[in-house]
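In: prediction below, plus the sequence it came from.
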Amino acid sequence: QKEVEQDPGPLSVPEGAIVSLNCTYSNSAFQYFMWYRQYSRKGPELLMYTYSSGNKEDGRFTAQVDKSSKYISLFIRDSQPSDSATYLCAMRGGSEKLVFGKGTKLTVNP
Amino acid sequence: GAVVSQHPSWVICKSGTSVKIECRSLDFQATTMFWYRQFPKQSLMLMATSNEGSKATYEQGVEKDKFLINHASLTLSTLTVTSAHPEDSSFYICSAREAGWAQYFGPGTRLLVL
């Protein structure tokens, strides 16, 4: 079993839709959870980060962590064509090393 | 804030030459910097972790003599691909961590070895 599983998609939605992106993980030592957005041929951009369980909201983005289920989510409300990108979940425990999901490619159609 | 730059953004070189890539944290001091490579449609693969003033820690399977990392200051790390070959062609991305725990990524360097 891989440490982090993420559905690669691709995911295609109409503009204005609510998007749900998810990752599951197996390592119970993970405490720090991040979502990155990566446009084609660019470096990843940090969108959200949370520590331990709970929700965090920033504008149209909401990150949720459920440590009991080893499941994290990113919700995008009122999705825009500019949100079209690959979304990577990442997490870590006590070490510096980030473990990434494979990324989900999202396309928001106007 | 938390801006990381990389230079060059892309480079084409002949097989057998060495290529140096710079990674800079522009508005913060990075105690730790990381180097990744990414193949098309793949996720990021960590190559090494470097702390300012000390030797880099390489991931298993990464040749330290081929990928030389220098972290000379709190704002600059360099990756030198020595005697590059076509199989080294990839997208190289650095990231930097400030006092907190989040990593901020540079824009990446695309390397093509002919």
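Out: In hand now; what should we look at?
In: next, work out how far apart the closest residue to chain B within chain A and B:Arg24 are.
Out: Residue nearest to chain B within chain A: A:Gly43 (4.1 Å; Cβ to the nearest Cβ). Every C-beta, even on glycine, is put in place using the N, C-alpha and C of the backbone. A:Gly43 is 13 Å from B:Arg24, where distance means Cβ to Cβ, to the nearest Å.
In: again with B:Glu98
Out: 13 Å.
In: got it, and B:Ser89?
Out: With Cβ to Cβ as the criterion, B:Ser89 and B:Arg24 are 23 Å apart.
In: and B:Leu46, by the same measure?
Out: 19 Å.
In: let me know whether the residue of chain A closest to chain B touches B:Ile93 as I believe.
Out: Yes - if you go by Cβ atoms under 8 Å, A:Gly43 and B:Ile93 touch, sitting 4.9 Å apart.
In: neighbour count: the two, which is higher?
Out: B:Ile93 (27 against 24; other Cβ atoms under 10 Å in any protein chain shown).
In: the helix or strand encompassing the more buried one pairs with which strands?
Out: Take DSSP states H and E as the rule and B:Ile93 turns out to sit in strand B:90-97. Strand B:90-97 pairs in its sheet with strand B:32-38 (antiparallel), strand B:103-105 (antiparallel), strand B:109-113 (antiparallel), by DSSP bridges.
In: by mean pLDDT, show me the worst of those.
Out: Among the strands paired with strand B:90-97, strand B:103-105 carries the lowest mean pLDDT, at a mean of 91.
In: and that one, what's buried?
Out: Across strand B:103-105, burial judged by 16 or more other Cβ atoms under 10 Å in any protein chain shown covers B:Gln103, B:Tyr104, B:Phe105.
In: kindly report the same for stretch B:33-49.
Out: Per 16+ other Cβ under 10 Å, stretch B:33-49 contains these buried residues: B:33-38, B:43-49.
In: swap in stretch A:29-40?
Out: Those would be A:Phe30, A:Gln31, A:Tyr32, A:Phe33, A:Met34, A:Trp35, A:Tyr36, A:Arg37, A:Gln38, for stretch A:29-40 by 16+ other Cβ under 10 Å.
In: close to chain B, is it?
Out: Yes - using Cβ under 8 Å from any Cβ of the partner chain, we find that stretch A:29-40 touches chain B at A:Tyr32, A:Met34, A:Tyr36.
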